[in-house]
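S.K.: with the sequence up front, the predicted model follows.
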Amino acid sequence: MNKNKIKLDPSTKLLKIISYAVVTLWSVICIFPFVLVISASFSTESIISREGFGLLPKGFTLSAYEWVFRYPKMILGSYGVTIAMTVLGTALGLFIIAMTGYALQRKDFPLRNVISFFIYFTTLFSAGMVPTYLWVSGTLGLKGSYLAVFLQLLMSPWLIVLMKNFAKSVPYEITESGKIDGAGDFRIFLSLIFPMLKPALATVGLFLALGYWNEWYQSSLYLGSSVTYKPLQYYLYGIINQANALKSSVAGANVTITDLPTNTLKMATAVVATGPIIFLYPFVQKYFISGITVGAVKG
Amino acid sequence: MKKKTSQGTNAAVAVPYKKRSSLFKSLWNSRTLMLMCLPAIIFFIVFNYCPLPGIWIAFTNYNFRGGIFGSPFCGLDNFEFLINSGELWLLTRNTILYNLAFIVLGNIFQIVIALMLNEIRNKWFKKVSQTVMFLPYFISVVLIGAIAFNILNYDTGALNTLIRETGGDPLQIYSQAGIWPFIIFFCNMWQQTGYGSVVYFAAICGIDSSMVEAAEVDGATSWQRIRHIILPSLKGTFIILLLFALGGIMRGNFGLFWNLTGGVNSQLFETTDIIETFVYRTMTTQNNFSTSSAVGLYQSLFGFVLVMISNWVVKRIDPDYALF
């Protein structure tokens, strides 16, 4: 007999079965491409170019990874650039966003609506890619500088709104108690509010970190080939899209083109460039899910 | 009588004075809060407001020597060219149709997955499947391009491997424009469904559980519960998310389109070129700054009007959700 007192009718049962089936199917679809890429990266190039990629590694070998790390300066340099940008950018961005978000939700701050609109307006109307590019690369002179990438990813109106909504849920009494104790607004923010924003900081921080880690667009506009060490995803972009970039990046001058495992090397680079974020993901997922569900209700 | 009048005028004079002084005072008192906003304000001035005058390029024949304001003025020639060549119409059509599919079908699929997650009682299964479905959201569009290459390319692609092994003729996917709307739509779903369904799932969990329990006691089936309780309570969220998404219908997911198609594959433009990819390509590979920024300006203006309209509609439905 059913443990539940309420007996499941056939349609409910059917729905349950369908639910399990569809969710399982979609989960498999979500994980499947990862399996393809990983097994391709462990395959032997000659077999791949004869038979093509498959679900399982063909002729298991580490040779593609050996190629990735054969001249480790490039890939390790890219790692260094990306990690440095991600850590610094997330920390700095998070601090500024939290500060702004907190200030903008304070009911006793007369300029809050003016400043909020000033920030929000940038999402309504923007100059577009060309004017922005000319301004940043020309007038600001940031062409070829990591700063062009680093600074532009530092914050977005959307993240500030998200933080503002979070900060609203911190009771005003806390600010008030700080005021009574004679603390200034910045002091109140730093020692009372900031620690209470932890879930928000985790969520917004994760968005920032993802933005920096997955960055390739600004790099392609502003860095091009003018820096030695490209951010990781842009490095991967080059490897996937241009055979030339591939040759020059593994660039010992005495590599003959036929030696180079083009197809499997692309996949191995993809694995290496994505790896860390995937490993990090299960640990931060918890915060992320709770964070977006609070923030997504509005904004 | 006289006294009263004089008092009245006194008050009339005094009030604005008092108001102003209290405004100054409250501004002065909030100087720390202003300073706290300052870094963000500077950021948006430098990176979002300062480039605005550069919109002028759209009305010029830009050359590097003349710069933004030294290049010859050409009025609306750039726009005229875009309209006459049919380019603007193609880009608008593609951008809007893709977004409509993403927004409407994508959201419906997210809701379906969320409803199914809600039916699943096994905690372990629920957690693992959520984790797995969320995974694609975390990877870069560049990797998605790599995956697509792995599966779809003619010589070594996994799909063609399968077709060859079963004795069929391999497909030249990268030169067939007709298939790409499906591929791009699928990839977008692949990446966004996990995120979206978690949001909807949270909305479902937020439904007053006493209502659901009462229905269960009354012997309602799952279908009835979904139809009469869950879907009606998701309707508000759905409509408002939908309207806002419609406000952004002129903006495309540049990275996804660019990395999936390779960006410069002209055989696919008919069905895969959206405003962002056109702007990027025209600027970076053809150095045609004028045409590129004309399209950018068109997008900004069109998008602005759409956001205004959708916000106005949202405001009429539920003022709480309006953006401003």
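M.R.: Sure, I can see it.

S.K.: work out the gap between the helix or strand hosting B:Asn99 and the centre of the chain.
M.R.: Element membership of B:Asn99, judged by DSSP states H and E, is helix B:87-100. Between the centre of helix B:87-100 and the centre of its host chain there is 14 Å, according to Cα atoms, centre = their mean, to the nearest Å.

S.K.: same check on stretch B:119-137?
M.R.: That offset, for stretch B:119-137, works out to 25 Å (Cα atoms, centre = their mean).

S.K.: hmm, who's touching that stretch?
M.R.: Identification of contacts with stretch B:119-137 by Cβ atoms under 8 Å, 6 or more residues apart in numbering or on different chains yields A:15-16, A:19-20, A:23-24, A:26-27, A:30-31, A:34, A:278, A:281-282, A:285, A:288-289, B:113, B:117, B:144, B:190-195, B:197-198, B:222. Any C-beta I mention is one placed from the backbone N, CA and C, and that applies to glycine too.

S.K.: what number of residues lie near the residue lying closest to A:Thr82 once chain neighbours are set aside?
M.R.: Once flanking residues are discounted, A:Thr82 sits nearest to A:Leu232: 4.1 Å by Cβ to Cβ, 6 or more residues apart in numbering or on different chains. Look at A:Leu232: counted by other Cβ atoms under 10 Å in any protein chain shown, it has 32 neighbours.

S.K.: which residues does A:Leu232 contact?
M.R.: A:Leu232 sits in contact with A:78-79, A:81-82, A:213, A:273, where contact means Cβ under 8 Å, 6+ apart.

S.K.: need the buried ones from the contacts of stretch B:119-137 selected in ChimeraX.
M.R.: To isolate the buried subset of the contacts of stretch B:119-137 in ChimeraX, counting by 16 or more other Cβ atoms under 10 Å in any protein chain shown, use the following:
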select /A:15,16,19,20,23,26,27,30,34,281,285,288,289 /B:113,117,144,190,191,192,193,194,195,197,198,222
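
S.K.: how far away is A:Pro10 from B:Ser222?
M.R.: For A:Pro10, the distance to B:Ser222 equals 11 Å [Cβ to Cβ, to the nearest Å].

S.K.: that older thread, helices or strands up against the helix holding B:Asn99?
M.R.: Using 3 or more Cβ pairs under 8 Å, 6 or more residues apart in numbering or on different chains; DSSP states H and E, the elements in contact with helix B:87-100 are helix B:77-84, helix B:180-205, helix B:269-272, helix B:275-284, helix B:289-317.

S.K.: now the third one: mean pLDDT?
M.R.: By that I understand helix B:269-272. Helix B:269-272 carries an average pLDDT of 86.

S.K.: same for that helix, what does it pack against?
M.R.: Packing partners of helix B:269-272 (3+ Cβ pairs under 8 Å, 6+ apart): helix B:87-100, helix B:180-205, helix B:254-261.

S.K.: ok, and what's touching it?
M.R.: B:90, B:94, B:177-178, B:180-181, B:184, B:257, B:260-261.

S.K.: next one: stretch B:273-289
M.R.: A:128-130, A:133-134, A:220-221, B:57, B:62, B:87, B:90-92, B:94-95, B:98, B:250-254, B:257-258, B:261, B:263-264, B:291-293, B:295-296, B:299.

S.K.: of the contacts of A:Leu232 - the most surrounded one?
M.R.: A:Ala273 leads these on contacts (other Cβ under 10 Å) with 29 neighbours.

S.K.: for that residue, which non-adjacent residue is spatially closest?
M.R.: A:Leu236 (4.4 Å).

S.K.: circling back to that earlier point, can you put the contacts of A:Leu232 in TSV and add distance to B:Met211, secondary structure and pLDDT?
M.R.: Formatted as TSV, the contacts of A:Leu232 follow (distance: Cβ to Cβ, whole Å; DSSP: H, G, I helix; E, B strand; the rest coil; pLDDT from 0 to 100):
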residue	distance to B:Met211	secondary structure	pLDDT
A:Ser78	53	helix	91
A:Tyr79	52	helix	91
A:Val81	53	helix	94
A:Thr82	48	helix	94
A:Trp213	42	helix	92
A:Ala273	48	helix	89
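
S.K.: follow-up on the earlier one: within the helices and strands, which one has the residue nearest to A:Ala273?
M.R.: Per DSSP H and E: helix A:232-241 holds A:Leu236.

S.K.: could you pull up phi and psi at B:Thr60?
M.R.: Backbone geometry at B:Thr60, expressed as degrees, to the nearest 10, gives phi -130, psi 170.

S.K.: beta-bridge partners for it, please?
M.R.: When bridges are taken as DSSP bridges, the partners of B:Thr60 come out as B:Phe73.

S.K.: in helices, which of the contacts of stretch B:119-137 fall?
M.R.: Secondary structure defined by DSSP state H assigns A:15-16, A:19-20, A:23-24, A:26-27, A:30-31, A:34, A:278, A:281-282, A:285, A:288-289, B:113, B:117, B:144, B:190-195, B:197-198, B:222 of the contacts of stretch B:119-137 to helices.

S.K.: go ahead and flag the most central residue of the chain.
M.R.: As the question left the chain open, I've gone with chain A. A:Leu210 (1.4 Å; Cα atoms, centre = their mean).

S.K.: I was after chain B.
M.R.: Centroid-nearest residue in chain B: B:Gly248, 5.2 Å away (criterion: Cα atoms, centre = their mean).

S.K.: so how far is A:Leu124 from that one?
M.R.: Taking Cβ to Cβ, one finds B:Gly248 at 10 Å from A:Leu124.

S.K.: helices or strands up against the helix or strand hosting B:Glu213?
M.R.: Using DSSP H and E, B:Glu213 maps to helix B:209-217. Applying 3+ Cβ pairs under 8 Å, 6+ apart, one finds that helix B:209-217 makes contact with helix B:222-225.

S.K.: next secondary structure after the helix it packs on?
M.R.: Toward the C-terminus, helix B:222-225 is succeeded by helix B:231-247 as the next helix or strand (DSSP H and E).

S.K.: and that following helix, how far out from the chain's middle?
M.R.: On the basis of Cα atoms, centre = their mean, helix B:231-247 sits 14 Å off its chain's mean C-alpha point.
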